[in-house]
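In: Sequence first, then the predicted structure:
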Amino acid sequence: QKEVEQDPGPLSVPEGAIVSLNCTYSNSAFQYFMWYRQYSRKGPELLMYTYSSGNKEDGRFTAQVDKSSKYISLFIRDSQPSDSATYLCAMSAPQAGTALIFGKGTTLSVSS
Amino acid sequence: DAMVIQNPRYQVTQFGKPVTLSCSQTLNHNVMYWYQQKSSQAPKLLFHYYDKDFNNEADTPDNFQSRRPNTSFCFLDIRSPGLGDAAMYLCATSREGTGNSNQPQHFGDGTRLSIL
């Protein structure tokens, strides 16, 4: 079993839809959870950063972490064509400088 | 704007010819990372510097080395590139966490390396 599992998609939605992106993981030591957005030929851009379980909201984006189920989600409300990108979940154990373990990314396409 | 800058954006080299990729940062972060990302795959950590301390991942090939002459700059050296080393190379930085914490990593736009 891989440490982090993420459905690669592709996921296609119409503009204005609510998008749900998910990752599961196996390592209970993970405490920090991140979502990155990566446009084609660009580096990953940090969208959300959460510690332990709970919800975090930033504009149209909401991140949820359920450590008991080892499951994290990113919700995008009122999706826009500019949201079309690959979304990578990433997580790490507490110690500073430890590796981020990434999912493979989900490719999202929002059509106008 | 404070950022992570990678040069060049595209690099072409010949099979077996040494190549160096560079990364600079204006964030004043003390931790710098190099990742390899192949097409449709997750980024994979090669190594990182915690200040001047070099930390190599166990499965990083010996062909890959790194230098960090100062806080702002970090280099990735590939001594004898093979066809399998064609990939996007991403540099990232983070600031030291306090206590037992881990701070988010900020990425540059990468260098896409092609091997002829």
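Out: Nice, I can see it.

In: Can you list the low-confidence ranges for chain A?
Out: Where chain A drops to pLDDT under 70, the residues are A:1, A:96-97.

In: who in it is up against chain B?
Out: Residues of chain A lying near chain B by C-beta under 8 Å from any C-beta of the partner chain: A:4, A:8, A:31-32, A:34, A:36, A:41-46, A:49, A:88, A:92-100, A:102-105. The way it works is simple: take the backbone N, C-alpha and C, and place the C-beta from them, glycine included.

In: quick one, what contacts residue 75?
Out: Here I'm looking at chain A. Residues counted as contacts of residue A:75 (C-beta atoms under 8 Å, 6 or more residues apart in numbering or on different chains) are A:18, A:19, A:20, A:21, A:61, A:62, A:63, A:64.

In: my bad, chain B
Out: Contacts for residue B:75 were tallied using C-beta under 8 Å, 6+ apart; they are B:20, B:21, B:22, B:23, B:66, B:67, B:68, B:69.

In: give me that answer again for 6 Å
Out: The contact partners of residue B:75, taken as C-beta atoms under 6 Å, 6 or more residues apart in numbering or on different chains, are B:20, B:22, B:67.

In: any idea of the mean pLDDT for the strand or helix carrying it?
Out: Counting by DSSP states H and E, the element that carries residue B:75 is strand B:73-78. For strand B:73-78, mean pLDDT is 97.

In: quick one: secondary structure of residue A:88?
Out: Following DSSP: H, G, I helix; E, B strand; the rest coil, the label given to residue A:88 is strand.

In: So in terms of bridging, what pairs with it?
Out: Counting by DSSP bridges, residue A:88 is bridged to residue A:36.

In: Assess the claim that it and residue A:37 are in contact.
Out: No: applying C-beta atoms under 6 Å, one finds residue A:88 not in contact with residue A:37, separated by 7.8 Å.

In: residue ranges of the strands in chain A, please?
Out: In chain A, the strands defined using DSSP state E lie at A:4-6, A:11-14, A:19-25, A:32-38, A:45-51, A:54-58, A:61-66, A:71-76, A:85-92, A:101-102, A:106-111.

In: The third one packs against which elements?
Out: In terms of contacts (3 or more C-beta pairs under 6 Å, 6 or more residues apart in numbering or on different chains; DSSP states H and E), strand A:19-25 is packed against strand A:4-6, strand A:71-76.
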